[in-house]
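Novice: Here's my sequence, what's the structure:
(2 chains)
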Amino acid sequence: MTYPDCGAPPRDSNEPLVRRLFPFFFAFDRDLRLTAVGPRLEAVAPEFVRGASMPEHIAIDRPTGVRGFDAIRENDGTVFMLSMVARPQFRLRGQFVAVKGDDGGDRLLFVGGPWLTRISELSELGLTMKDFPPHDARGDFLILLQTQELSLADVRELTRRLRAQMESRKRLEEELRQIQKMELVGRFAGGMAHNFNNILMAIHGYAALALSRMSPSDPQRNSIEQIRLATDHAAVLTRSLLAMSRQQPVRIEALDLRREIGDLERLAKPLLGERIVLTCAVEADATRASADSAALKQILMNLVLNARDAMLAGGTVSIEVRLPTVAPSDSLRREDFVEIRVIDNGIGMDDETKARIFEPFFTTKEVGKGVGLGLSSVYGLIEQLGGHIAVDSAPRAGTTFRVYLPRSEGASLPGADTPVLAQGGRGERVLLVEDEPLVRKLLERVLTQAGYQVGSSLGSDAALQLAKRGRAFDLLVTDVVMPGLSGPELAVELERGGRCIPTIFISGHNEDAQLSRGKLAPHQRFMAKPFPPMELLGIIRELLTKYPPRDMPAV
Amino acid sequence: MYGLINKAVEGLVRSRFGDDAWARIRTRAGLPDEPFISMEQYPDQSTYDLVAAASAELGAPAEAILEEFGRYWTVYTAEVGYGELMRSAGSTLPEFLRNLDQLHTRVQLSFPHLSPPSFAVKTEHADGLDLQYYSSRPGLAPLVVGLLRGLGERFNLDLELKSERVEAGRAHDLFHIRWTARANQGSARGSSTA
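Specialist: The predicted structure is shown next:
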């Protein structure tokens, strides 16, 4: 069939109405020639014009296999999906309706519109919302889809927040578990260490007494020396346990870091061997810190030895003391701290190891080379000192420990340099109160042998009875935690008459260490068990020199 | 009101005044630290409380906050994906304003509980028009001022606005809008014959 006038079929009379209602319509005759094309379709596909062959421009994607005029007409109640051959992304969705043309010929009319699933596709296809007549809900449908997208964005945001909260909660629970574990381990370890200290003190003390009576050539001397050395090692272990469980007695005072680091350097160098170089530097404006001298040495020695073990082939360990460039945490002020860096160029650590190094009993060393208390005791001690510790490390990139200690502007406490005086007694009267029989008997013997008159009792009640019976004493050595009155309460009772009695509190409990933190009177001292008997004798002599004996009135 | 409105208030405050300002305003308004859900309905009072809190925290009158919000809304709607909808409403200011009601009608399929205001172009001039604004919510005329100014920017027009309250018949606000094309911008789109 040909169209001699213009090469296109004649227009049907209903075309203007259809054009207005269905701007994406098209119609074709039995020869599959287009007889009409909607205005919007014309605009987006200029090649799609009256007279053109419909199959050349339109592909029927669904229903599958439907071709030809009659086959399409038989499916006039079916949803058709079409695509433009030249622009496959431009798809049409609608239905075909069979109609008669003005000339009586058969026509198939496509009624539908673009198949869109996102509002942004409109502009991609050169369309706008205005291309849809008011009766066509396609535009509203696109807005609805966009609103659905908005809701999905909300869901995504809520999910993100929920996930973050769950992760935060999980992290907090893990931290809580860790704290509880540390507390449990600490309590257990602390209790064990305390009891061991009493036993160790007795073994060490008796060994020292035995040695003091032996001639240098005594064949048993070496055995006794070994016993004493073994108890020294055991005491180091119990100190680590107490430090890890934050129960090691500490005495916080203003320290001169130049002196402390100098002492440490002398102590550490022999332990590092020839292949490891130790360098120390203290900046002039960072020489003062509030800490416990022994605890600080224990901390730094642990870190230095840790560095040594990370540099088996040798290397350099640097200790640098400076003012920190950043605060140890957001809630703290940088200027309130001094920073001590212990830097090595050893093997470093991966993140997994780094996360666990402060856990008690965690070690990367071979069995028998370490028990995993070194860094956990460092952590515990630093907490006791009111400080902080951080670590920077990466495999093969060395390790830097940053220790932050409270800064001090004050000078060292008086008495820190008190020389050890002659230790022998001159018949002065010492009241010894100790509920642990092993320790009491040892100290009785040490004091008696040193030339003191010793009155001893198992507890504060018995001690008060002694005093009430008229016994006078020149000095009191007392345990802190006892049945009945505590050591400090006993001291108060004994001093009720108005005269001060030089007193030495001895204890292995950390809670008692508060006695050492500025709560002691000038004539009182605190000693943490275990301690060598000679040290006790030195302190007794120091006190009795400062506070010479007078007759003590009965209580 | 739908959560989308409160989200827009949040977006305005955060973008102009920072996250801390938003935290203070939200707290002052007595709202929890939770994200608004776009399609959830919130009491109108929560939006009024936010505006009052913003006014107190930022030291600006509530009218100024509302006007700024109206201006921001024309940008925000495009940001959350309704730019095409805005474009479809018109390529000139008068066309856009004439189609505003139809735009709201279309949106109602997605926001079934929407109580939108109603706009009607009363008279048109070569360089302006008079717009009637009807709303069941009191006190939001400054927001419309901001909307109109935002649209002026969209169509590269400088607007001169006057408004009056008309109580006769169905009470409404009447906005007298006059425009001039912006000097150093591209083609202005204020022509009512476009």
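
Novice: and the one helix or strand in chain A whose mean pLDDT sits lowest, what does it pack onto?
Specialist: The weakest-scoring helix or strand in chain A, judged by mean pLDDT, DSSP states H and E, is helix A:221-244 (a mean of 82). The contact analysis (3 or more CB pairs under 8 Å, 6 or more residues apart in numbering or on different chains; DSSP states H and E) places helix A:221-244 against helix A:138-213, helix A:293-309, helix A:374-384. For the C-beta atoms, the positions are set from N, CA and C on the backbone; glycine is no exception.

Novice: what's the spacing between that helix and its chain's center?
Specialist: Relative to its chain's centre, helix A:221-244 lies at 33 Å (CA atoms, centre = their mean, to the nearest Å).

Novice: Where do the domain boundaries of the chain fall?
Specialist: In the absence of a named chain, this looks at chain A. Domains of chain A are assigned by automatic domain parsing as A:15-136, A:165-244, A:253-406, A:429-546.

Novice: wait, chain B
Specialist: Annotated domains of chain B cover B:3-60, B:91-181 [automatic domain parsing].

Novice: What is the subsequent helix or strand relative to the least confident helix or strand of chain A?
Specialist: On the C-terminal side of helix A:221-244, the closest following helix or strand by DSSP states H and E is strand A:253-256.

Novice: just how off-centre is the following helix or strand past that following strand within its chain?
Specialist: Later in the chain than strand A:253-256, the nearest helix or strand by DSSP H and E is helix A:257-272. Centroid separation for helix A:257-272 versus its chain: 30 Å, with CA atoms, centre = their mean.

Novice: Chain B contacts on chain A?
Specialist: A:119-120, A:122-123, A:128-130, A:134, A:137, A:139-144, A:146-147, A:149-151, A:153-154, A:157-158, A:161 (CB under 8 Å from any CB of the partner chain).

Novice: Could you grab the helix/strand/coil label for the residue of the stretch 401-550 of chain A at minimum distance from chain B?
Specialist: Residue of the stretch 401-550 of chain A nearest chain B, by CB to the nearest CB: residue A:404 (29.1 Å). Classification of residue A:404 using DSSP: H, G, I helix; E, B strand; the rest coil returns strand.

Novice: Dig out what it forms beta bridges with.
Specialist: Listed by DSSP bridges, the beta-bridge partners for residue A:404 are residue A:339, residue A:388.

Novice: Can you name the residues that contact it?
Specialist: By CB atoms under 8 Å, 6 or more residues apart in numbering or on different chains, the contact list for residue A:404 reads A:324, A:328, A:337-339, A:387-390.

Novice: Most neighbours of all those residues, which one?
Specialist: Most neighbours among these, by other CB atoms under 10 Å in any protein chain shown: residue A:338, with 27 neighbours.

Novice: Surely that residue touches residue A:296?
Specialist: No: here residue A:338 does not reach residue A:296: they are 11.1 Å apart, not a contact under CB atoms under 8 Å.

Novice: Need the overlap of contacts for the two.
Specialist: Residues touching both residue A:338 and residue A:296 (CB under 8 Å, 6+ apart): A:289, A:405.

Novice: Can you name the residues in contact with the helix-or-strand element of chain B with minimal mean pLDDT?
Specialist: When each helix and strand of chain B is scored by mean pLDDT, DSSP H and E, helix B:83-88 comes last, with a mean of 82. Helix B:83-88 is contacted by residues A:119-120, A:122-123, A:128-130, A:139, A:142-143, A:146, B:74, B:77-78, B:103, B:106-107, B:154 when judged by CB under 8 Å, 6+ apart.

Novice: Out of the helices and strands packed on helix A:221-244, which one sits most buried?
Specialist: helix A:374-384 (a mean of 24; mean count of other CB atoms under 10 Å in any protein chain shown).

Novice: model confidence over that helix, on average?
Specialist: Helix A:374-384 carries an average pLDDT of 84.

Novice: ok so, going back, so of the contacts of helix B:83-88, which ones are in helices?
Specialist: For the contacts of helix B:83-88, membership in helices holds for A:122-123, A:139, A:142-143, A:146, B:74, B:77, B:103, B:106-107, B:154, with DSSP state H as the criterion.

Novice: can you redo the residues you listed as JSON lines with pLDDT?
Specialist: Listed next are those as JSON lines, based on pLDDT from 0 to 100:
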{"residue": "A:122", "pLDDT": "86"}
{"residue": "A:123", "pLDDT": "83"}
{"residue": "A:139", "pLDDT": "85"}
{"residue": "A:142", "pLDDT": "88"}
{"residue": "A:143", "pLDDT": "87"}
{"residue": "A:146", "pLDDT": "87"}
{"residue": "B:74", "pLDDT": "89"}
{"residue": "B:77", "pLDDT": "87"}
{"residue": "B:103", "pLDDT": "86"}
{"residue": "B:106", "pLDDT": "84"}
{"residue": "B:107", "pLDDT": "86"}
{"residue": "B:154", "pLDDT": "91"}
